[in-house]
Structure formats: C-alpha cells, structure tokens
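A.B. asks: the following block contains a protein sequence and its predicted model.
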Amino acid sequence: MSSQPAQSPAGLAPETGAAVAQSDKAGRYLQLALLVLAAGAIYPILYLRQVYQPTMLEVFHITDSQLGYLYSSLGLIFLLSYLPSGWLADRIAPRFLICFSLIATGALGLVYATAPSFPILVMIFAGWGLTTGLTFWAAVIKRVTMIAGSDEQGRFFGFLDGGRGLIEALLATVAITLFAWMTHTRGETPAAGFRLVIYMYACLCIGLGVLLALVRDPRSVAQVDRVVKKRNNVLTDLKTLAAIPELWLIAAIVFCGYQVFWATYSFSAYLHEGGIGLSVVMAGTITTLKLWMRPIGGIGGGYLGDRFSKVSVLVIALFLAALSLVGLIAAPRIASHALLVALVLFIGILTYAIRGLYWSLLDRCNVPVESTGLAIGLISVLGYSPDVFLPLINGYLTETFPGVFGYQLYFGYVAAVAAIGGCAGLVLRNRLNRINREEVRK
C-alpha cells in the first residue's frame with residue numbers, strides 16, 4: 001500500500017514543483033485538521049451519559065435499564081459494522097462517507113434534542129451506530145492513511161488520536177459551561193440546558209460535514225481516489241488479506257493495546273475503593289488529569305515513531321505499560337500520593353501513545369489499496385473484541401474478589417496481555433526488517 005505524496009508534474013520548473021509540493025502538504029495537513037475535528041466532534045453526542053446521565057433519565061423519562069439497553073444496542077451495531085465498514089470504504093470515497101456520517105449524526109441529534117419517546121430513541125441510537133460505525137470508522141482511518149506520506153504515518157495517526165482527545169475535552173468544557181449558564185445563570189431547567197448541549201454538538205457535526213464537502217482534495221489524495229478498484233468478491237479479498245502475516249500481528253497488537261486502554265476505566269474505582277483510600281473527588285481529579293495526557297501521548301508517540309521506528313516505539317510503550325500496571329498493583333503500599341499521580345499519568349501517556357501508533361503500522365503491510373478499508377475492518381473486529389468480554393472479566397474479578405485483590409488480579413491480567421502485545425510487536429519488527437533486507441538485496 002502506497003500513500004506517498006504525488007511527484008511534481010513533469011515539465012514544471014523546480015520552483016513551480018516545489019510550490020505544488022508545498023501546497024499539497026498544506027492541503028494534507030488541512031485535511032488532517034478537519035478529520036481530527038470530525039473524530040473529536042462526532043462521538044461525544046453519543047456518550048453524553050458520562051456527564052449528564054441523571055439529566056438524561058429525567059428528560060427522556062426512561063430507567064437505568066432502558067438506558068443500558070440503548071448503549072448495549074449501540075455496541076452491538078458497532079461490532080457488526082466493523083467489517084462491512086471497511087468493505088464500504090473500499091467502494092465509496094472515504095471523504096463522502098465521512099461527510100455523510102457527520103451530517104446524518106447531527107441530524108439525528110436534532111431529533112434527539114426533542115426528547116422523543118423510547119422507541120424513537122432506540123431508532124436514533126441504531127442510526128448513530130450506523131453513521132458512526134458503518135459509514136465513519138474505517139473511512140476516517142483509511143482517509144488518514146491516504147493523506148499521510150510513508151514517513152508521516154506515525155505523526156498523522158498520533159495527531160488523529162491525540163487531537164481527537166483534545167477536541168473532546170475542549171468541547172466537553174464548552175458544553176458543561178453552556179449547561180451551567182443555562183441552568184444557573186438563566187435559571188432554566190436541566191432539560192433546557194441539556195437540549196442546548198445537544199444542539200451544540202449536532203450543529204457542529206452538520207457544519208463540519210458541510211465544510212469537509214467543500215474543501216478540495218490535495219493532489220496526492222485525488223490520485224489515490226482515482227485508483228481503479230477491483231470488484232472482487234469479499235471472500236476473495238479476505239483470502240488475500242488473510243495471507244498477509246503482518247496484518248495478523250497488527251490485529252494482535254491492537255487487541256492487546258486496546259485492553260491497556262480499557263484498564264484505565266477502572267483507575268478511579270481502584271484509587272477510591274481498592275484500599276488506597278483516596279476520596280471520590282481526589283480519585284476523579286487524578287483520572288481526569290489522565291485524560292489530558294491523550295494529546296501528549298498520541299502526538300508525542302507519533303513523532304517519536306516517525307523519528308525513530310514506529311514498531312520499536314510501540315513495543316517499548318507496551319512493555320512499559322505492562323511494568324507500570326505491575327507498579328499500580330503495588331499502589332496500596334505507595335505512601336506518596338504525588339508518586340501515585342505520576343504513575344497514573346505515565347500510564348495515560350503510554351496508553352495514548354499505543355493508540356496513536358498501532359494504526360500507523362498498516363502502511364508497512366503491503367495491503368492492496370483497493371482492500372485497505374476491508375483490512376481496517378478485519379483488524380477492528382479482532383482488535384476491538386475486548387469490548388465484548390473485558391467488562392465481564394473485570395466484573396467477575398472485582399465481585400469474586402472484593403476490594404483491592406480483585407483489581408490487582410484485573411491489572412495483572414492486562415499487564416500480561418500488554419507484554420504479549422510487546423512480543424507480537426517484536427515479531428512484527430523482525431519480519432519487517434527481514435523484508436527490507438530482502439528488498440535491498442534485490
């Protein structure tokens with residue numbers, strides 16, 4: 001798979017060719033910025049329960065179990081959408097899929113703001129599962145792969161994940177400010193404040209969708225879009241992808257690295273309930289600070305990957321994450337809260353560096369351009385499968401072994417998985433090095 005920037009057109013003077021290349025680079029970075037905005041804006045409207053769950057129950061007149069049903073349905077649609085999402089991204093230009101996803105997600109948000117009945121809410125969440133899963137996920141990953149040069153994959157994906165986290169944090173800050181202004185300053189009901197928050201996210205999605213539709217493609221991306229796509233049977237394409245060992249190794253790395261990310265969801269409960277003795281506010285503050293490590297880890301990891309080696313940096317991050325989780329197991333014996341905060345933030349940086357790097361490896365796998373989306377879908381099905389079973393493991397361990405021991409077993413399991421991911425990364429690095437040596441000899 002090649003995503004090199006286009007060469008200067010034949011016959012142009014060197015100065016003209018340089019200007020074209022510079023313009024193309026600026027266009028690609030503009031596209032990246034828009035994709036970061038899109039990825040950071042499209043998902044928060046789905047997960048407003050993180051901040052506004054009591055208000056949602058009041059506004060929609062639903063129970064906790066009904067809310068759980070909505071999100072369970074959403075997760076199921078995501079899981080079913082990963083593979084067809086990749087197939088679709090190979091048939092339709094990712095740019096158009098992303099524009100449609102943003103506009104459709106925003107339009108469903110406008111309906112959501114009217115506080116419809118529960119059956120309509122089920123339809124809205126099902127629609128969101130399709131607009132953010134089927135038509136968006138593989139399209140945005142493939143789009144970044146297309147606009148990044150071979151020496152930029154690390155930083156582009158690092159910017160995607162780190163920048164997305166920064167956008168989500170900033171938008172959440174604006175949203176809660178609007179909510180407080182509406183409910184406290186103006187004295188409106190929480191329902192009115194919640195509707196304003198929904199309108200903010202919905203209108204932002206629609207506006208970004210229109211903007212992306214109006215921005216012209218850089219020359220290099222337009223050339224990739226014009227590549228003639230083979231209309232093979234999907235089973236034929238899957239057979240081709242299955243014969244690429246590097247693809248399976250990346251799936252293993254994503255599978256392991258994603259579980260490290262999942263472990264961070266339990267930090268707050270562990271710090272508060274796991275025998276460490278931090279207050280709810282203190283534990284929440286520490287885990288909130290961890291969220292701000294996403295730009296640092298994602299962008300920093302991407303730059304280090306491009307500067308040195310994406311695979312090597314990823315391997316180091318996975319092994320350090322395993323060691324850090326072992327350190328977290330010993331947290332009840334750590335007397336210094338400052339050291340505990342530093343450990344949690346360090347794990348956060350490693351987690352987001354891993355997330356920012358693993359998709360950048362796809363460029364090294366010689367995946368046919370016409371099957372890139374399907375490869376993304378295949379890796380996603382395998383790599384994000386912990387969404388299904390890891391909450392069950394977490395729940396079983398913490399209920400069977402209450403208190404600190406249950407969390408220690410859980411973090412010990414994730415540390416072992418992270419180490420396995422590091423080993424998969426070493427195998428991948430050795431294979432890629434051997435392939436490079438063979439190409440040099442040829």
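C.D. replies: Structure received.
A.B. asks: CA only for contacts and neighbour counts going forward, please
C.D. replies: Fine.
A.B. asks: so, low pLDDT: which residues of the stretch 151-300 of the chain?
C.D. replies: Within the stretch 151-300 of the chain, the segments meeting pLDDT under 70 span 217-232, 274-275, 280-281, 284.
A.B. asks: would you mind giving the domain segments of this structure?
C.D. replies: Using automatic domain parsing, the domain parsing of the chain gives 1-227, 230-442.
A.B. asks: got a list of what the spatially most central residue of the chain touches?
C.D. replies: By Cα atoms, centre = their mean, the mean C-alpha position of the chain lies nearest to residue 161, the distance being 5.8 Å. When contacts are counted by Cα atoms under 8 Å, 6 or more residues apart in numbering, residue 161 touches 36, 294-295, 298-299, 352, 355-356.
A.B. asks: just the residues you listed: which are in helices?
C.D. replies: Members of the contacts of residue 161 lying in helices (criterion: DSSP state H): 36, 294-295, 298-299, 352, 355-356.
A.B. asks: could those be laid out in TSV, adding neighbour count?
C.D. replies: What follows is the ones in helices among the contacts of residue 161, written out as TSV (neighbours: other Cα atoms under 10 Å):
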residue	neighbour count
36	24
294	29
295	24
298	31
299	26
352	31
355	26
356	31
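A.B. asks: and of those, the nearest to residue 382?
C.D. replies: Using Cα to Cα, the shortest approach to residue 382 within those belongs to residue 355, at 15.2 Å.
A.B. asks: the closest one and residue 258 touch, don't they?
C.D. replies: Yes. Contact between residue 355 and residue 258 holds when scored by Cα atoms under 8 Å: they sit 7.3 Å apart.
A.B. asks: show me the contacts for residue 237.
C.D. replies: Residue 237 makes contact with 371, 374, according to Cα under 8 Å, 6+ apart.
A.B. asks: now it: how far from residue 82?
C.D. replies: 15 Å (Cα to Cα, to the nearest Å).
A.B. asks: check residue 40 too.
C.D. replies: As for residue 40, its distance to residue 82 is 19 Å (criterion: Cα to Cα).
A.B. asks: likewise residue 325?
C.D. replies: Per Cα to Cα, residue 325 is found 30 Å from residue 82.
A.B. asks: what segments of the stretch 301-442 of the chain are helices?
C.D. replies: Applying DSSP state H, counting those that start in this stretch to the stretch 301-442 of the chain gives helices spanning 310-329, 337-357, 372-383, 386-400, 404-441.
A.B. asks: hang on, residue 410 packs against residue 395?
C.D. replies: No. Look at residue 410 against residue 395 with Cα under 8 Å: they stay out of range, at 9.4 Å.
A.B. asks: of these two, who's got more company?
C.D. replies: Between residue 410 and residue 395, residue 410 has the larger neighbour count (other Cα atoms under 10 Å), namely 21 against 14.
A.B. asks: just to revisit the earlier point, the helices of the stretch 301-442 of the chain: which one's closest to residue 178?
C.D. replies: With Cα to Cα, the closest approach to residue 178 among the helices of the stretch 301-442 of the chain belongs to helix 337-357: 28.3 Å.
A.B. asks: can you show me the CA trace of the closest one as CSV?
C.D. replies: This file holds the C-alpha atoms of helix 337-357, laid out as CSV (Å, rounded to 0.1, in the frame of the first residue of the first chain):
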residue,chain,number,x,y,z
HIS,A,337,0.3,10.5,46.6
ALA,A,338,2.5,12.5,44.2
LEU,A,339,4.2,9.3,43.1
LEU,A,340,0.8,7.7,42.6
VAL,A,341,-0.4,10.6,40.5
ALA,A,342,2.8,10.4,38.4
LEU,A,343,2.3,6.7,37.8
VAL,A,344,-1.3,7.1,36.7
LEU,A,345,-0.4,9.9,34.3
PHE,A,346,2.6,8.0,32.9
ILE,A,347,0.3,5.0,32.2
GLY,A,348,-2.1,7.5,30.5
ILE,A,349,0.7,8.8,28.2
LEU,A,350,1.7,5.2,27.3
THR,A,351,-1.9,4.2,26.7
TYR,A,352,-2.5,7.1,24.2
ALA,A,353,0.9,6.6,22.6
ILE,A,354,-0.1,3.0,21.9
ARG,A,355,-3.5,4.1,20.5
GLY,A,356,-1.9,6.7,18.3
LEU,A,357,0.7,4.3,16.8
